[in-house]
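need a 3D model of the sequence below.
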Amino acid sequence: MYRSAMPVNARAAGSFVGAATAMQDPGTTPVRAGTFSAEVGEAVVTGWHSHDRHQLEYAFEGVAEVETETARYLLPPQQAVWIPAGVHHSSTLTHVKAVSVFFDPAMGFAAGDRVRILAAAPVIREMILYARRWPVSRSSSDRPADTFFEVLANLVVDWLDHETPLCLPTTRDPLIGAAMAFTAEHLARVTLGDVCSAVGASERTLRRTFLTVAGMSWRKYLQESRLLKAMALLANDDGNLLTIAQTVGFESASAFTRAFGRYAGESPHAYRQRIGATPSAPPNAGEAPSREADAVRAWSHF
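Numbering: from 1, shown residues only. Down below sits the predicted model:
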């Protein structure tokens, strides 16, 4: 299975996972749902773990990657990742500011059994911001909070049908896992011949086995790897499009723009502008909202 080569900030990773795990213990957190805010600088790799609660994480800034036993997902800014309870995963966070909402599975809504990347509608983004006033670490819940999170949970159920394809397969197959790792590490100039030499397989064998194991051809895997890497660079790098295109293996900005448009449904320039938009400022955690009951009732009409 491919593993990120990014450096690990052990203290930050331990704090992030430890806090999230502790807050999800029903014995120490007797609430149905709540939020946890995270802000990290240089790359933090959480390591493999799972949660007792469903997690919806929205990234306001930076880029996160979530790897499971079967896929590797990219979470760019202004989008969200859904991680069902019990799914074993590892996250890599780079210059990320994010808010996670944790839901008790006992709330009874259909959560699915796999991670998904979701294009966040503005109303859900604003609800996640609003929900920061109810941290999952609080000692008790109340009716406004329960009503609010029930509404958000119902929206999430509908939202799960509209995921975005920002993921790549992973595998435990040693040959294909090695091929995926080599490809990811040499995106700019890699060829199938290079990969075959690195993993000790013929081109015919690698093509056939890659398609069987990964469910896509090696060339499609390479193309999507390049585009996902480009999305991360567009989110975190001020470089021009040609520089980014060449960094991930495209010979020209025009070829990159065409491929990006087919994959993402928008141009690299439009994508960069959209994810660079600044969302409304989050409220202070725990801050008592004015007209709180009216706000919760208003959300319930969506």
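
from residue 220, how far off is the residue of the chain positioned farthest from its centre?
Of all residues in the chain, residue 202 has its C-alpha farthest from the mean position, at 34.6 Å, by C-alpha atoms, centre = their mean. Residue 202 sits 20 Å away from residue 220, going by C-beta to C-beta, to the nearest Å. Bear in mind the C-beta positions are built from the backbone N, C-alpha and C, glycine included.

repeat that for residue 31.
Counting by C-beta to C-beta - residue 31 and residue 220 are separated by 44 Å.

got it, and residue 247?
20 Å.

what are the ranges of the strands in this structure?
33-39, 44-45, 54-67, 71-75, 79-83, 90-103, 116-119, 163-164, 167-169 (DSSP state E).

give me the angle between the fifth one and strand 71-75.
Read that as strand 79-83. Interaxial angle, strand 79-83 versus strand 71-75 (axes from the mean of the first three to the mean of the last three C-alpha atoms, to 10 degrees): 150 degrees.

model confidence over strand 79-83, on average?
Computed over strand 79-83, the mean pLDDT rounds to 90.

mind listing what that strand pairs with, with the direction of each?
Strand 79-83 has the following sheet partners, assigned by DSSP bridges: strand 54-67 (antiparallel), strand 116-119 (antiparallel).

buried set for it?
Residues of strand 79-83 classed as buried: 79-83 (neighbour count, 16 or more other C-beta atoms under 10 Å).

can you give me how far it is from the chain middle?
Centre-to-centre, strand 79-83 and its host chain are 5 Å apart (C-alpha atoms, centre = their mean, to the nearest Å).

got the contact list for it?
Under the criterion C-beta atoms under 8 Å, 6 or more residues apart in numbering, residues 51, 54-59, 64, 66, 73, 75, 89, 111-112, 115-120, 124, 128, 156, 160, 164, 166 lie in contact with strand 79-83.

buried only: go through those residues for me.
Neighbour counting with 16+ other C-beta under 10 Å marks 51, 54-59, 64, 66, 73, 75, 89, 111, 115-118, 120, 124, 128, 156, 160, 164, 166 as buried within these.

thinking again about what came up before, who wins for proximity to residue 132 among the strands paired with strand 79-83?
Residue 132 lies closest to strand 54-67 among the strands paired with strand 79-83, at 10.7 Å (C-beta to C-beta).

mean confidence score for the closest one?
89.

tell me the angle of that strand relative to strand 33-39?
Put simply, strand 54-67 runs at 30 degrees to strand 33-39, going by the same axes, to 10 degrees.

only C-alpha atoms, please: export strand 54-67 in PDB.
In PDB, the C-alpha atoms belonging to strand 54-67 read as follows (Å, rounded to 0.1, in the frame of the first residue of the first chain):
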ATOM      1  CA  HIS A  54     -19.200   9.500  11.900                       C
ATOM      2  CA  GLN A  55     -17.000  12.400  10.900                       C
ATOM      3  CA  LEU A  56     -17.700  15.200   8.500                       C
ATOM      4  CA  GLU A  57     -14.600  17.400   8.100                       C
ATOM      5  CA  TYR A  58     -14.800  20.700   6.100                       C
ATOM      6  CA  ALA A  59     -11.500  22.300   5.000                       C
ATOM      7  CA  PHE A  60     -11.400  26.100   5.000                       C
ATOM      8  CA  GLU A  61      -7.700  26.300   4.100                       C
ATOM      9  CA  GLY A  62      -5.000  23.900   3.100                       C
ATOM     10  CA  VAL A  63      -5.100  20.400   1.700                       C
ATOM     11  CA  ALA A  64      -5.800  17.100   3.400                       C
ATOM     12  CA  GLU A  65      -5.300  13.500   2.100                       C
ATOM     13  CA  VAL A  66      -7.200  10.600   3.600                       C
ATOM     14  CA  GLU A  67      -6.000   7.100   2.900                       C
END
